[in-house]
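Participant: Quick one, what's the 3D model for this:
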Amino acid sequence: MDGGWDDLVGSALLGTERRRPGGVVGDAAEAAAGLLDAAAAGVVRRRAGLLPGVAGERPAVAADDRRAELPEAARRRLGLLLADRTGGSGGNRRGSAPNLAELLPQWLAAAHRGGYAAPPELLPALLDAARARTDLRADALAFAGPRGHWLAGLNPDWKYALRAGAGAVSGPGQEGPEQAEKLWEEGLFAERVALLGRLRLTAPDTALALLAATWKTERAEDRLMFLDSLRTGLSAADEPFLEQALTDRSRNVRATAAELLSALPGSALAARMAARARSCVSLGPDGIVVEAPYECDAAMERDGVAPRPPNGRGERAWWLAQLVDATPLATWPARFGGRTPEQIIALPVLDDWQPDLHASWCRAAVRQRDAGWARALLGPPPAAAAPLAAVGDPAKLLSILPGDERAEWVAAFIAAHGLSEAFQMLGVCAVPWAAPLGRAVVDALDIARDAGSYPWSFSGVMGLAERCLDPAAAEQVAALAGGGEEPADSAPGAVAYWGEAFQRLSGTLRLRAAMLSELRPTQL
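Facilitator: Predicted coordinates:
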């Protein structure tokens, strides 16, 4: 054959009648056969002409994972969950089968808490799952352990695990001082953020020292993220650094530094804000008197007060809110003659300033994690005929209270008002829900069904119950799956939907119970 490979390709595309490669002779049939023979020879020639590649270095051996092996039943369960991690088809009508995709996060968290090592053969599927779902990553990488980190280094698709840092898969705070300093100086941005987060849990002073050493050379957007990591383990030791950050050239950095300082009731900034707030809020003979600021001066701006209000908000109300937000709540009992938070909140506020003042106290309670003020602002759960008081975000206030008290409050609220306004509150309750709260949710769902309520409006609560309801409630839920007579004014197919939903909920609870039992060590 005289022509090259390109000549053969051209003849194959155009046909041997229009273009015949060199060396191919005969009629049309012979020419076509000759072209194929020439192509076969050319392929052999091309392959024979390749030099063998140079062998690279063998990968380093993965670090030992000394955690206990998974029980066999739990290993099989993980394989099933990873195989069905997409959760099946979407849509409102899911049928009665449990959603395995929603159970995978719970399984991973429980396995990590149990101190188990991930089965090596399931590591690729586990890393793929965490790549697709960011909500899985923290527990998935911790469960994957050092082998997972080693394996991620061999596949570019799993580089997210490397960005999370070795500590994300080998346990927090395991870097030595030299390793931490090297990672801080040479690591990727995400690795450095993760490092700060780990060190704030175990060695907050070390984390602060690393941040201070490079602070002036960091980009503004990076400084903001690094500063936000100081929320973990925030203490008075961070105050000098945060005071310096109040003069940062970035407005967002200054605002974050001021917010963190206001969460330290003993900080100098908190004292300055308290002095300003006291000059604006006082107790008169007829109730609380509010005289909002008339200007936002340079000192206020330095302490984090934003001068320009959002659309629809008055300047004075905006400035007042920021001052009260940042004022230590211990300021107000002394300001109002030793009254308790409950007594202060009960005082009338003159000139329609009550919504602004109470909303600021709510934000201050959340920021300062003050359970006493949160309890006072929430008050007892409102009766059935009474609306929920406008006290800001009840879910955020509830998140400050102890778990049992939080569950009791939400259970009483649901018993009086149903589930329509309780979704966010349920989301801050400890999992699994306490027995009284679980019974209140199931009873409210049963009442909604009997009342002929539109069933799909409760799909969010049903999904939350699948993840958070105590598995011990499975039999109570199963008793409701039988359905019943369809009310005349109910939505078409409502009874069938409710029956499927209760059946799915009971099945999911039984499956969660089985998952937890499989993760318990085998008793010899």
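
Participant: Now the residue nearest to the spatial centre of the chain: closest residue in space that isn't a chain neighbour?
Facilitator: Centroid-nearest residue in the chain: Asp135, 6.1 Å away (criterion: CA atoms, centre = their mean). Distance criterion CB to CB, 6 or more residues apart in numbering; nearest residue to Asp135, sequence neighbours excluded, is Pro105 at 6.2 Å. C-beta coordinates here come from the backbone N, C-alpha and C atoms, glycine included.

Participant: same question, Ala435
Facilitator: Closest residue to Ala435 apart from its sequence neighbours, by CB to CB, 6+ apart: Asp470 at 6.6 Å.

Participant: now swap in Leu509 and tell me
Facilitator: Nearest residue to Leu509 in three dimensions, chain neighbours excluded: Ala474, at 3.8 Å (CB to CB, 6+ apart).

Participant: Repeat that for Ala68.
Facilitator: Of all residues not flanking Ala68 in the chain, Tyr116 sits nearest, at 5.6 Å (CB to CB, 6+ apart).

Participant: And the one you found, how close does it get to Arg512?
Facilitator: Distance, Tyr116 to Arg512, by CB to CB, to the nearest Å: 17 Å.

Participant: for Leu269, same thing?
Facilitator: Distance, Leu269 to Arg512, by CB to CB: 46 Å.

Participant: hang on, the earlier thing: which pLDDT value belongs to the residue nearest to the centre of the chain?
Facilitator: You'll see Asp135 listed with a pLDDT of 86.

Participant: Tell me the secondary structure at it.
Facilitator: Classification of Asp135 by DSSP: H, G, I helix; E, B strand; the rest coil places it in helix.

Participant: wait, doesn't it sit right on Glu102?
Facilitator: No. Asp135 lies out of contact with Glu102 (CB atoms under 8 Å); the separation is 10.4 Å.

Participant: Next, report how far stretch 365-385 is displaced from the centre of its chain.
Facilitator: 25 Å (CA atoms, centre = their mean, to the nearest Å).

Participant: picking up where we left off before, which residues are in contact with the residue nearest to Leu509?
Facilitator: Ser506, Leu509, Arg510, Ala513 (CB atoms under 8 Å, 6 or more residues apart in numbering).

Participant: I figured the last one was touching Ala473, is that so?
Facilitator: Right, Ala513. No. If you go by CB under 8 Å, Ala513 and Ala473 don't touch, sitting 10.2 Å apart.

Participant: more neighbours, those two?
Facilitator: Using other CB atoms under 10 Å, the more surrounded residue of Ala513 and Ala473 is Ala473, with 20 against 14.

Participant: secondary structure class for the nearest residue to the more buried one once chain neighbours are set aside?
Facilitator: Nearest non-adjacent residue to Ala473, counting by CB to CB, 6+ apart: Gly438, 5.1 Å away. The three-state label given to Gly438 by three-state DSSP is helix.

Participant: Quick check: Gly438 touching Val477?
Facilitator: No. Between Gly438 and Val477 there is no contact under CB under 8 Å: 9.5 Å.

Participant: what's the overlap in contacts for the two?
Facilitator: Residues touching both Gly438 and Val477 (CB under 8 Å, 6+ apart): Leu469.

Participant: The helix or strand hosting Ala321: which residues count as buried?
Facilitator: Using DSSP states H and E, Ala321 falls within helix 315-325. Buried residues in helix 315-325, counted by 16 or more other CB atoms under 10 Å: Arg316, Ala317, Trp318, Trp319, Leu320, Ala321, Gln322, Leu323, Val324, Asp325.

Participant: Could you name the helices and strands sitting against that helix?
Facilitator: helix 268-280, helix 354-368 (3 or more CB pairs under 8 Å, 6 or more residues apart in numbering; DSSP states H and E).
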